[in-house]
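Participant: following is a predicted model, sequence given first.
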Amino acid sequence: MSLNTNVQSLQKAAPLRSRTGKRVYDSVSELIADPENPTPMIRVSDRYNPSPGFEVYVKLERNNPFGSIKDRTALYLLNGIQLKEGQVLAEPTAGNTGIALAALANAQGTPIELALPDGTPEEKKALLRFLGAGLLEVEDELCPLFPTEGARGVVKSMVESAAYNGKYVIPNQYENELNVEAHYRTTGPEIWNQTEGDIDYFFAAFGTCGTITGVARYLKERNPEVKIIGVEPASRAHRLSGIKKISNLPAEHQPKILDYSLIDEIVEVEDSDAYSAGIRLARQDGIMVGPTTGALLHAAAIIGASNTGTAVVISPDDATKYISAYAEWLDAEED
């Protein structure tokens, strides 16, 4: 399916909304954000952000129906696939993409099996079981060096094995350009519209790299001076689900859909700083975000200490999927 055909199918997805303007829908997929129905942005208070002249806005992707920015990606990926009878979707995931794919697959009656690292937060595993997805938990780092390792390697073998005779079809969020397209056509335009073009910095984590590439491409086309800041963990041994360390990777292991030419700066963040930032935002502003958002906020504080302007931070999901992980940091506070 071509990208143009894919976009046309998306535009036809909400007949009731386009016909009546009322918030009545035929499918849960129609709740996924787009420029006509964007996720909200909220300004971080001066109590949290002490840098004068550097305003920070958080874009709350938890407002998507399945709770994360990956809802956008999953919709585009599935609209780009036509399954034959008897075929099954299979995808490696750190959780959020799997949750969105499973929910959308359920909505269209499609079977799905997912491979995920055993270090995936328990809340995400529970949500995937709740959705009835077939789960394969794999001994895997959250930040594997080789693309053929762990969860990705398991799904690759399922898809390519002659024994399964083409049973499994992979959307492949890590290499599929529709991942980038989703954010170029939705997330990027939303941010531009919501800031009325008044944006100087955009912060996103490196994961599959669909978000940062798609948004950066859109924003740079409108204003080449917008600075794109990529955020990664300080080491490969980390506890930030869905975020990857990409610095110093050999070319064959670099994210396939990341356009490095769009990245202006990379900031490394320690786990402790990411979790602390997330906890502090909840306590000072009442905004409950996951530790990846905490990492981005910490990076924004570093950049904001010596710069002025308006920054937008993507908040991929919220705190509810990481309460058990946060609890460990809270327990350490009390010791």
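Facilitator: Here it is on my side, so go on. Residues are numbered from 1 along each chain as shown.
Participant: mind listing what residue 195 touches?
Facilitator: Going by C-beta atoms under 8 Å, 6 or more residues apart in numbering, residue 195 touches 41, 57, 310, 312. Every residue, glycine included, has its C-beta placed from N, CA and C.
Participant: can you pull out the helices in the stretch 1-150 of the chain?
Facilitator: Using DSSP state H, counting those that start in this stretch, the helices of the stretch 1-150 of the chain run over 3-11, 15-20, 70-79, 96-108, 122-130, 150-160.
Participant: of these, flag the one that's most buried.
Facilitator: helix 70-79 (a mean of 27; mean count of other C-beta atoms under 10 Å).
Participant: and the contacts of residue 195, which is closest to residue 237?
Facilitator: Closest approach between the contacts of residue 195 and residue 237, by C-beta to C-beta: residue 312, at 29.6 Å.
Participant: ok so that closest one is a strand residue?
Facilitator: Yes: under DSSP: H, G, I helix; E, B strand; the rest coil, residue 312 sits within a strand.
Participant: what about it, neighbour count?
Facilitator: With neighbours defined by other C-beta atoms under 10 Å, the count for residue 312 comes to 26.
Participant: next one: residue 112 relative to residue 167, how far apart?
Facilitator: Distance, residue 112 to residue 167, by C-beta to C-beta, to the nearest Å: 12 Å.
Participant: and for those two, which residues touch both?
Facilitator: With C-beta under 8 Å, 6+ apart, residue 112 and residue 167 have common neighbours residue 88.
Participant: out of those two, which sits in the more crowded spot?
Facilitator: residue 112 (23 against 16).
Participant: list the contacts of the more buried one.
Facilitator: 88, 89, 90, 91, 101, 102, 105, 133, 134.
Participant: and with 6 Å instead?
Facilitator: 89, 102, 105, 133 (C-beta atoms under 6 Å, 6 or more residues apart in numbering).
Participant: burial measure for residue 250, as a count.
Facilitator: The number of residues packed near residue 250 is 8, by other C-beta under 10 Å.
Participant: report the two of the contacts of residue 195 separated the most.
Facilitator: The farthest-apart pair in those, when distances are taken by C-beta to C-beta, is 41 and 310, at 10.8 Å.
Participant: residue 242: neighbouring residues, count only.
Facilitator: Residue 242 has 26 nearby residues by other C-beta under 10 Å.
Participant: for it, what are phi and psi?
Facilitator: phi 90, psi 0 (degrees, to the nearest 10).
Participant: thought it was touching residue 207?
Facilitator: Yes: the criterion here is C-beta atoms under 6 Å, and residue 242 meets it with residue 207 at 5.1 Å.
Participant: then residue 202 would be within a strand, right?
Facilitator: Yes: the assignment for residue 202 is a strand, going by three-state DSSP.
Participant: for burial, what's the neighbour tally of it?
Facilitator: Going by other C-beta under 10 Å, the residues that sit close to residue 202 add up to 28.
Participant: that one against residue 313, yeah?
Facilitator: No: applying C-beta under 6 Å as the test, residue 202 and residue 313 come out as separate, 8.2 Å apart.
Participant: what is the stretch of helix or strand residue 300 belongs to packed up against?
Facilitator: Residue 300 belongs to helix 291-304 when elements are defined using DSSP states H and E. Applying 3 or more C-beta pairs under 6 Å, 6 or more residues apart in numbering; DSSP states H and E, we find helix 291-304 packed against strand 201-205, strand 227-233, strand 265-269, helix 271-285, strand 309-315.
Participant: how about it: buried residues?
Facilitator: Residues of helix 291-304 classed as buried: 291-304 (neighbour count, 16 or more other C-beta atoms under 10 Å).
Participant: got these as CSV, with distance to residue 121 and pLDDT columns?
Facilitator: Formatted as CSV, the buried residues of helix 291-304 follow (distance: C-beta to C-beta, whole Å; pLDDT from 0 to 100):
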residue, distance to residue 121, pLDDT
291, 10, 95
292, 11, 96
293, 14, 97
294, 14, 97
295, 15, 97
296, 18, 98
297, 19, 98
298, 20, 97
299, 21, 97
300, 24, 97
301, 25, 96
302, 26, 96
303, 28, 97
304, 29, 96
